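K.L.:
show me the folded form of this:
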Amino acid sequence: MSDNLSRRRYLAGTGAALTIGTLAGCSGGGDGGDGGDGSDGSDGSGGGNAAEDVPDEIDEYLSDARMYEGTIMDFTGQDEVTVEVGAGDVGFAFSPAAIRIDSSTTVVWEWTGNGGAHNVASVEGSESDFNSGDAVSEEGATFEQSFDNTGIQLYQCTPHQANGMLGAIEVVEA
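P.N.:
Numbering: from 1, shown residues only. Sure, this is the predicted structure:
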């Protein structure tokens, strides 16, 4: 009997600790203070709005991506959008992970200098082929790509794809 009671207390205590940890994580602490969605414009792109109407193809591709929370940042109406390369607590993320842009918008990937050397490379199933080349670790390095065709653009950091360093872009008609 006391063994079952101990298990129950352990499970209850663990559940309470997880709940408190989860609630503490919702306060925005630990990832730069903004919850990681970039909606306050801290990603250098002038801000955007989080939208929940993520295309299924993007949602499925990013299911194991770091810093993807089931939303897409809407940057339609902007000529240029910046995505951080090497974001997150260990530098193995793109931020924001999912963006929506108008056709003819330029995406600028900017390296944070965190997480080692990274690159940006489209994957099979992406509407366009693009590749920043060899992995780079230098803070402030950039890679630009304009997207003229509508559709879904899927990409990864080749050295860190297994760590969940994945990103996606929905290009819509301007």
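
K.L.:
hmm, Ala93 is touching Leu62, no?
P.N.:
No - in this structure, Ala93 is not within contact of Leu62 by C-beta atoms under 8 Å, at 10.7 Å. C-betas here are computed from N, CA, C, even on glycine.

K.L.:
who has more neighbours, the two?
P.N.:
Neighbours per residue (other C-beta atoms under 10 Å) separate Ala93 from Leu62, with Ala93 holding more: 30 against 23.

K.L.:
who touches that one in this structure?
P.N.:
Neighbour list for Ala93: Ala65, Arg66, Met67, Gly86, Ala87, Gly164, Met165 [criterion: C-beta atoms under 8 Å, 6 or more residues apart in numbering].

K.L.:
hmm, which helix or strand of this structure has the shakiest average pLDDT?
P.N.:
Among the helices and strands of the chain, helix 2-26 carries the lowest confidence by mean pLDDT, DSSP states H and E, at a mean of 38.

K.L.:
what about the helix or strand that comes right after that helix, average pLDDT?
P.N.:
Towards the C-terminus, the helix or strand next in line after helix 2-26, according to DSSP states H and E, is strand 49-51. On average, the pLDDT along strand 49-51 is 90.

K.L.:
how about stretch 138-151?
P.N.:
Computed over stretch 138-151, the average pLDDT equals 97.

K.L.:
how about stretch 87-101?
P.N.:
Per-residue pLDDT values across stretch 87-101 average out to 98.

K.L.:
check stretch 108-125 too.
P.N.:
Averaging the model's pLDDT scores along stretch 108-125 yields 97.
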